[in-house]
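Q: Take a look and give me a structure for this.
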Amino acid sequence: MKLPPEVESRVRSWVIHQDQDIIVLNKPPGIPVQGSEDSIATLLSALTYGNDDLPHIVHRLDKNTSGILLLARSPDVAKRLSEAFRCQKIFKMYWAITIGKPPNKKGTIRATLSSKQNPEREGTVLIQKDGKPGGLISSTSYHLLETFGAADVDAPTISLLALQPHTGRTHQLRVHCASVLETPIVGDFKYGSGYPPGLQTLIEDVNQMEGLCLHAQEMCLHHPVTQVPLRIRATLPLHMAKLFNAVGWSKKQQENKKAWLPELTVQPLSHKKRAPKKPAPVTPKILLPNSPKSAKKHKSPNPKATTPKDFKTTQKKGKLK
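A: Next comes the predicted model:
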């Protein structure tokens, strides 16, 4: 279906990386990936760039989550990327602005989520109590990057968390933040209080703000065809940028970028069929460059693994306003 020129232009403005095999979008909040008339799936004709086939969606983001969305430009590439996601060979990091401060600076959350929706609150899932059958195992590593809260400011304490999901359950990050860390994400009306009234002291137009403060900020992968390592970052949406500016995080981010980036190790993608192997139990972690555990002491299970300094960075130019 041919889209109006203004719609096509708007969709293409979301593109932050494009080559003959993949397209990466910085998805705005409030747009579903699939399942509705205004979803990304209905807008793919704007992203053919001369190809006969539409791009293929290989993973998903919640409707109210913004940030990186990876598309494949052929069935073969879609198959390779889907396998890479399944084998956890693609690194994803989210930024979340939360209400309150987690008890620990970093850690890994492991919880069983109910396979059924919460009957008391439509569209939500619950942490399932131990011993009950039918639950879904979920795991997320987190690292506290920043906290804002002053005694002379009548506003709730807010924190910036880096979140690395190791499983892909429905609303996993939102449930883990709200129910396990007891720090619900700002703007989350399903698992928290949305935008607390106290934020009015930080942002004058807080009542006009919309959007969940959860952003797929970074993705690392080896290109599915060329094997070139890619490190892709997406700029924040407007509502999160406003909060960043209000509490001074934008300035800190510019002054000390390295301290805000976790150490990454991504294994090359393999496209040869191999006999399935039972993976050894691994404790996933997010490590910062200035962590006591130096990156030099970290031994990768694969000597050919690529470290962050080798990754090409793709991000649209521009400053947060």
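
Q: can we go C-alpha only for contacts and neighbour counts from here?
A: Fine.

Q: Which positions within stretch 137-155 qualify as buried?
A: Of the residues in stretch 137-155, 137-148, 155 count as buried by neighbour count, 16 or more other C-alpha atoms under 10 Å.

Q: Kindly apply the preceding question to stretch 234-251 instead.
A: 234-245, 247, 249-250.

Q: Widest-spaced pair of those residues?
A: By the measure C-alpha to C-alpha, 234 and 247 form the most distant pair in the buried residues of stretch 234-251, at 20.4 Å.

Q: which residues are contacting stretch 14-32?
A: With contacts defined as C-alpha atoms under 8 Å, 6 or more residues apart in numbering, stretch 14-32 is touched by 38-40, 61-74, 77, 211-212, 225, 232, 234-235, 237, 314-316.

Q: Would you point out the helix or strand in the chain whose mean pLDDT is lowest?
A: Ranking every helix and strand in the chain by mean pLDDT, DSSP states H and E puts strand 312-314 at the bottom, with a mean of 50.

Q: Sketch out the strands for the stretch 1-150 of the chain, chain order is fine.
A: Assigned by DSSP state E, counting those that start in this stretch, the strands in the stretch 1-150 of the chain fall at 15-18, 22-27, 56-57, 66-72, 91-99, 106-117, 125-127, 136-148.

Q: tell me which strands and helices the longest one is in contact with?
A: Counting contacts by 3 or more C-alpha pairs under 8 Å, 6 or more residues apart in numbering; DSSP states H and E, strand 136-148 packs against strand 106-117, strand 158-165.

Q: pull the CA atoms of the longest one into PDB?
A: Listed next in PDB are the C-alpha coordinates belonging to strand 106-117 (Å, rounded to 0.1, in the frame of the first residue of the first chain):
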ATOM      1  CA  LYS A 106      23.800  -3.500  40.400                       C
ATOM      2  CA  GLY A 107      22.600  -7.100  40.200                       C
ATOM      3  CA  THR A 108      20.700  -9.700  38.300                       C
ATOM      4  CA  ILE A 109      17.000 -10.300  38.700                       C
ATOM      5  CA  ARG A 110      15.600 -13.800  38.300                       C
ATOM      6  CA  ALA A 111      11.900 -14.200  38.700                       C
ATOM      7  CA  THR A 112       9.100 -16.400  37.500                       C
ATOM      8  CA  LEU A 113       6.300 -14.500  35.700                       C
ATOM      9  CA  SER A 114       2.800 -15.800  35.600                       C
ATOM     10  CA  SER A 115       1.700 -17.100  32.100                       C
ATOM     11  CA  LYS A 116      -1.700 -15.600  32.800                       C
ATOM     12  CA  GLN A 117      -2.700 -11.900  33.000                       C
END
